[in-house]
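A.B. asks: pasted the sequence and its predicted model underneath.
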Amino acid sequence: MYWNPHIEQADLPTLRALQAQRLRDTIAHAERSPFYGALFAKCGISTDSIRSVEDIRRLPFTTKEDLRSHFPYGFLTVDKKDTVRLHCSSGTTGNPTVIFHNRHDLDSWSNLVARSLYCAGVRDTDVFQNICGYGLFTGGLGFQYGAERLGALVIPAAAGNTTRQIRLMQDFATTAVHTIPSYLFRLHTAFAEMGLDPARDTALRLFVIGAEPHTEEQRRRIEDLFGVKAFNSYGLSEMNGPGVAFECTCQNGLHVWEDCFLTEIVHPQTLEPVVEGEVGELVFTTLDRQAMPLVRYRTRDLTRFLPGTCPCGRNHRRIDRISGRTDDMFIVKGCNIFPMQIEKILMRFAQVGTDYLILLQTRNGVDEITIQVEMQAAWFTGDLAALEKLARQIVHEVRDEILVTPTVQLVEPGSLPKSEGKAVRVRDERQA
Ligand code: AMP
Ligand code: ZN
């Protein structure tokens, strides 16, 4: 099901009533797992504890550490023979965690991804090239099944081999692509090296980008480079994968699919709800998952609820793009800094390319930040004075944003190390 006005345009009382009912069902499922069975017994929680969605606050949180310490089957509510697939998290930080699905769960997930793609403007007439890993990573199969359900023609291109990706785009007249944002810059360079112009030589009309943090400035660069709209896709393996929150064609925040995810934003230390509109940690409770429901799962992702209604007519609340993770914040000279604060400034400079690396080092017992920034090819000339002037400007603007003075090194285009999957933006080489 890719467009369901009954759910997507439901008025608030209807949506909240559906959530409360589904929350009770989720508790009923969850208590069959060893982990929640013991936890709920200890806390005196049962389906009777839930009358409305507000009662979510009576329930305990679940963390990644809980998933790890009950690896692999501690959260399973059904017999293993009734599960049909597992996925692992990419281990953005630490060891992977595993999520099991039964047939119902996979069906629900495919519907969510189909709904998300439709919401961003993908149609059954599109040729959808899915450029991402097809293994345990959820982006491959998640988008494959979702785009098929929508009725698009899906090319399971998987990751890597950029020349072949471009050939596929040309051979089959690809119109929509899903990939991580950092890859699109590499793709664009490859087009140029092959003497091709994506606007002239392909049928591309839409990108779906996600799985890694990126700024609004980065998105605009992608759109300008290709002349193609790019829509933000947010998800995490613990909540299936893609299809948790998605931008609609208005591009003004991401609708969270509230019929399937009860969404809270809490203060990462006090765990109390933040004031509506303030930034905090996203917390999700699955509302339509049977084999492995999760209750109040702490994502570590930071964002805020956006106010107002969306002109697209969907009533599911919108969140702002992810501004960072509680665990990718680093502290230098007492200042809390998120990589995206730095990216936002860098992308304002037309001379700057799209790749950068933030190095954290200790020199003489003092923490220091060095930002290595790739230049745009056209700007990387031998004019040392011009480069020094630019570096000084960047230092100045970054300092205004993060309150610490960095060292800025402008480096040749393509000279920074490239990672296979999600881009690595920070290298912490400080002594413990
Ligand atoms: P994984 O479970 O391996 O798919 O990784 C999920 C994590 O990737 C999330 O918790 C976020 O930190 C990050 N992520 C996914 N989508 C986005 C997005 N659109 N913007 C920023 N970060 C994202
Ligand atoms: Zn909308």
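C.D. replies: That came through, no problem. Ligands and ions are numbered 1, 2, ... in the order given.

A.B. asks: contacts and neighbour counts: CA atoms only from here.
C.D. replies: OK.

A.B. asks: from residue 32, how far off is residue 322?
C.D. replies: Here residue 322 is placed at a distance of 33 Å from residue 32 (C-alpha to C-alpha, to the nearest Å).

A.B. asks: check the burial of residue 53 by counting its neighbours.
C.D. replies: Per other C-alpha atoms under 10 Å, the neighbour tally for residue 53 reads 17.

A.B. asks: next: the one 10 residues further on.
C.D. replies: Using other C-alpha under 10 Å, residue 63 has 16 neighbouring residues.

A.B. asks: just residue 314 next, same as before
C.D. replies: Applying other C-alpha under 10 Å, we find 20 residues neighbouring residue 314.

A.B. asks: ok, back up a step: which of residue 322 and residue 32 has more residues huddled nearby?
C.D. replies: Between residue 322 and residue 32, residue 322 has the larger neighbour count (other C-alpha under 10 Å), namely 21 against 17.

A.B. asks: for that one, give me its contacts.
C.D. replies: Residue 322 sits next to 213-214, 301-303 when contact means C-alpha atoms under 8 Å, 6 or more residues apart in numbering.

A.B. asks: now it, what's its secondary structure?
C.D. replies: coil (DSSP: H, G, I helix; E, B strand; the rest coil).

A.B. asks: now it: how far from ligand 1?
C.D. replies: Using C-alpha to the nearest ligand atom, to the nearest Å, residue 322 is found at 5 Å from ligand 1.

A.B. asks: phi and psi next, for that residue.
C.D. replies: Torsion angles at residue 322 (phi, psi; degrees, to the nearest 10) stand at phi -70, psi 130.

A.B. asks: leaving out sequence neighbours, find the closest residue to residue 141.
C.D. replies: Take residue 141 and drop its neighbours on the chain: the residue closest to it by C-alpha to C-alpha, 6 or more residues apart in numbering is residue 134, 6.0 Å away.

A.B. asks: and that neighbour, how far from residue 421?
C.D. replies: With C-alpha to C-alpha as the criterion, residue 134 and residue 421 are 12 Å apart.

A.B. asks: kindly report the same for residue 86.
C.D. replies: 20 Å.

A.B. asks: when these two are compared, which one has more neighbours?
C.D. replies: More crowded of residue 86 and residue 421, by other C-alpha under 10 Å: residue 421, with 16 against 13.

A.B. asks: tell me the pLDDT of that one.
C.D. replies: Residue 421 is assigned 81 on the pLDDT scale.

A.B. asks: give me the neighbour count for residue 370.
C.D. replies: Counted with other C-alpha under 10 Å, residue 370 comes out at 16.

A.B. asks: and it, helix, strand or coil?
C.D. replies: Secondary structure, three-state DSSP: residue 370 is strand.

A.B. asks: that one against residue 356, yeah?
C.D. replies: No: using C-alpha atoms under 8 Å, residue 370 makes no contact with residue 356, being 10.4 Å away.

A.B. asks: which residues do these two both contact?
C.D. replies: With contacts defined as C-alpha under 8 Å, 6+ apart, no residue is shared by residue 370 and residue 356.

A.B. asks: rewinding a little: contacts only, for the residue nearest to residue 141.
C.D. replies: Contact analysis of residue 134 by C-alpha under 8 Å, 6+ apart lists 140-141, 158-159.

A.B. asks: that one in helix, strand or coil?
C.D. replies: coil.

A.B. asks: residue 110 too?
C.D. replies: Taken by three-state DSSP, the conformation at residue 110 corresponds to helix.
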